[in-house]
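Asker: Structure, please.
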Amino acid sequence: MPPSRWHAVATDPHLLRTFVAVARLSSFSAAARELGYTQSAVSQHIAALEGDLRAELLTRRPVEPTPAGVRLLEHAGPLLLRLDAARADVLRLAAVPPGQVTLAASPLAVGPRLLAALPATGVSLRVLPPAEVPAAVATGGCDLGLVDGLAAPSDPLRLPDVAPLTVTGVGEEEPAVLLPAGHPFAGRAALRLDDLADARWIDAPGAAPLPAAVRTAPALRYDGTDLHALCALAAAGHGLVLLPRRVAEAAAAGVAAVLCDPRLVHRTELLAPGTPTPAAAALAARLTAAR
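Answerer: Presented below is the predicted three-dimensional model:
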């Protein structure tokens, strides 16, 4: 098959979006309803991809990706995200810049200094899980983003390569472990992660993801973004959680112990698209100056 045909068919975003939808929903009919196509059109899209690649991508009963389909999914997600990011970038240039700015922020990224830097009007704040913030900015869903995570001192966060984004560090804090008051280590002012090798942790990907060095299975998974609820779970003994020191020490219950080894910081970064609107650029300057 000529390379030009592969480029026209297998990288057609409509066909890739159809394939991703069918694989995610495990149903041709459900994908058709979600995408606004007929079921016949969805079947034709999948058949076109399979014919072009000369490989079966989905089993039919049940509807599941084959090994070749799994591999295509790994490529399709980043490709479609990049296309959405390119579209958003062009639209920012073509549109009349609005005065309103939508700021995406992970729950732990908005500290008192950054909150104080927000103007009284003109900003909408959207709280998202850390993993969703870069894509929200890249695809135009939000104008700016604040994202947090653990890193070595002065090192940048490891962010997904969703699109060209301007990344600026706007804060670093000591991390601390939040323990229930009755925990054997509750009397210690500082802890090493090795001290907690057998501890049970709360897996909270939407608020405070597990430290990479944790080896034990999570005691509980929390899918929310409410920090008060997360701290209450830790204080009640449902598992440990690693937080910025200011958050852990401000918890209504529980005991905070600074993490002294490995040497890590809780880092916050400001994400901006390559072509921010004037209002977004002004807000970015305020947030950067507040660090």
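
Asker: what's the average pLDDT for the longest helix seen in the chain?
Answerer: Using DSSP state H, we find that the single longest helix of the chain is helix 67-94. For helix 67-94, mean pLDDT rounds to 80.

Asker: Which elements pack onto the helix or strand following it?
Answerer: Counting by DSSP states H and E, the next helix or strand C-terminal to helix 67-94 is strand 101-105. In terms of contacts (3 or more CB pairs under 8 Å, 6 or more residues apart in numbering; DSSP states H and E), strand 101-105 is packed against strand 123-127, helix 133-138, strand 144-151, helix 278-289. All C-beta atoms are positioned from the backbone trio N, CA, C, and that covers glycine.

Asker: and the ones you listed as TSV, adding distance to Gly36 and mean neighbour count?
Answerer: TSV is the format used below for the helices and strands packed on strand 101-105 (distance: least, CB to CB, whole Å; neighbours: other CB atoms under 10 Å):
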stretch	distance to Gly36	mean neighbour count
strand 123-127	26	15
helix 133-138	23	25
strand 144-151	30	24
helix 278-289	32	16
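
Asker: out of these, which comes closest to Ala105?
Answerer: strand 144-151 (4.1 Å; CB to CB).

Asker: So which elements touch the closest one?
Answerer: For strand 144-151, the packing partners by 3+ CB pairs under 8 Å, 6+ apart come out as strand 101-105, helix 133-138, strand 265-273, helix 278-289.

Asker: relative orientation of it and strand 101-105 in degrees?
Answerer: Using axes from the mean of the first three to the mean of the last three CA atoms, to 10 degrees, the inter-axis angle of strand 144-151 relative to strand 101-105 is 20 degrees.

Asker: Now the next helix or strand after strand 144-151: buried residues?
Answerer: Going down the chain from strand 144-151, the next helix or strand is strand 165-173, by DSSP H and E. For strand 165-173, the neighbour count (16 or more other CB atoms under 10 Å) marks Leu165, Gly169, Val170, Gly171, Glu172, Glu173 as buried.

Asker: per-residue confidence at the fifth one?
Answerer: This points to Glu172. Taking Glu172 on its own, its pLDDT is 94.

Asker: Enumerate every residue touching it.
Answerer: Residues in contact with Glu172 (CB atoms under 8 Å, 6 or more residues apart in numbering) are Pro153, Ser154, Val265, His266, Arg267, Thr268.

Asker: Count the residues that sit near the third one.
Answerer: Spelled out, that is Val265. Look at Val265: counted by other CB atoms under 10 Å, it has 19 neighbours.

Asker: do the fifth one as well
Answerer: Arg267 sits with 24 neighbouring residues when counted by other CB under 10 Å.

Asker: That one reaches Val147, doesn't it?
Answerer: No: with contacts counted by CB atoms under 8 Å, Arg267 stays clear of Val147, the gap being 9.2 Å.

Asker: do you know how far His266 is from Leu230?
Answerer: Counting by CB to CB, to the nearest Å, the separation of His266 from Leu230 is 15 Å.

Asker: which residues do Arg267 and Val147 both contact?
Answerer: Residues touching both Arg267 and Val147 (CB under 8 Å, 6+ apart): Leu157.

Asker: Give me the phi and psi angles of the nearest residue to Glu174 once chain neighbours are set aside.
Answerer: Spatial nearest neighbour of Glu174, excluding adjacent residues (CB to CB, 6 or more residues apart in numbering): Arg245 at 4.4 Å. Backbone torsions for Arg245, taken as degrees, to the nearest 10, come to phi -60, psi -40.

Asker: From Ala279, how far off is Arg245?
Answerer: Here the distance between Arg245 and Ala279 works out to 33 Å (CB to CB).
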